[in-house]
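>>> no sequence on this one, just coordinates:
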């Protein structure tokens, strides 16, 4: 790729964390962008998955039976056991039903489509993040139905199968396209292909968030304290889950006399970053309308993940993680 074309993407890659923050600011400042971009969410998801898949060696997706079972166990823990625990805890506490429903559904969600990109930005295992995304999306209809059956205010919709299958189709198309085009694309981009692809993916993620944050600005102008309160809850729900998961993994590794590996820490990313877009598409508007402010605020800790979690993960690994966002 000519230097003049590559330079912008290299700059974006070097400043990936701040570009994602800029996307958040843009989403709040320009809510009208959501009306333009939201109809194109499937295409944007496909682009993010495609560029992420270009970075991953095909051999990394092939694992032995033990690793495959470990990945399935992680998904079942995140998407079934965790929301059941959250439901039980919030039911026992004097928490409004609305917040019990929202937080239970959040933790019932599969990994976000950007998790492999986030993992690579933080020096984690992008291939494992992709595997968890595929497995989680595949099992989502099965794992979510028991959760929804506990929530009288949330209708169980069989359309979730169709939405999940649609996302699986996008993953499959993006993966096959990346498999076929990986060699010519990386050859065309040259020796800096990983950094350029990181820049492209970061830009795609920054644009993607514009489609999800239009509910924040109107409330921010009329009731900023409400936005602050919802933002605090969303940060605890997202970053808190990631920190807790990473800490547990680290404690288990240290008990064996070693530091946690990048692959072991990777599930911390989807533990907090859950795909709520699937539920928006599958559930009735009357159910999800009260959730829109939270969903908008939830994008903030999601897009702050590389900025906040990368230093913590490096510290948990004993500073063995790679030091640049291009890794």
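Perfect, thanks for sending it. In this text the structure is predicted, and so the values were computed from the model without any measurement.

>>> thought residue 304 was touching residue 23?
No - the pair residue 304 / residue 23 is not scored as a contact, 10.8 Å apart, by C-beta atoms under 8 Å. Where C-beta positions appear, they are placed from N, C-alpha and C, glycine not excepted.

>>> okay, those two: which has more neighbours?
Neighbour comparison, residue 304 and residue 23: the larger count goes to residue 23, with 21 against 17 (by other C-beta atoms under 10 Å).

>>> separation between the more buried one and residue 202?
Counting by C-beta to C-beta, to the nearest Å, the gap from residue 23 to residue 202 is 9 Å.

>>> Tally up the residues packed near residue 146, please.
13.

>>> so who does it touch?
80, 84 (C-beta atoms under 8 Å, 6 or more residues apart in numbering).

>>> What spatial separation is found between it and residue 140?
In terms of C-beta to C-beta, residue 146 sits 12 Å off from residue 140.

>>> what do you get for residue 56?
Residue 56 is 22 Å from residue 140, by C-beta to C-beta.

>>> quick one, which of those two is more surrounded?
Using other C-beta under 10 Å as the criterion, residue 56 and residue 140 rank with residue 140 on top: 26 against 23.

>>> Mind pulling up the pLDDT for that one?
Looking at residue 140, its pLDDT is 86.

>>> can I assume it is in contact with residue 277?
No - counting by C-beta under 8 Å, residue 277 is not a contact partner of residue 140; they are 11.9 Å apart.

>>> Which residues are in contact with the closest residue to residue 147 other than its chain neighbours?
Once flanking residues are discounted, residue 147 sits nearest to residue 108: 4.3 Å by C-beta to C-beta, 6 or more residues apart in numbering. Taking C-beta under 8 Å, 6+ apart as the contact definition, residue 108 lies against 79, 80, 83, 143, 144, 147, 148, 274.

>>> Tell me which helix or strand in the chain has the weakest average pLDDT.
The helix or strand of the chain with the poorest confidence is helix 277-282; it has a mean of 73 (mean pLDDT, DSSP states H and E).
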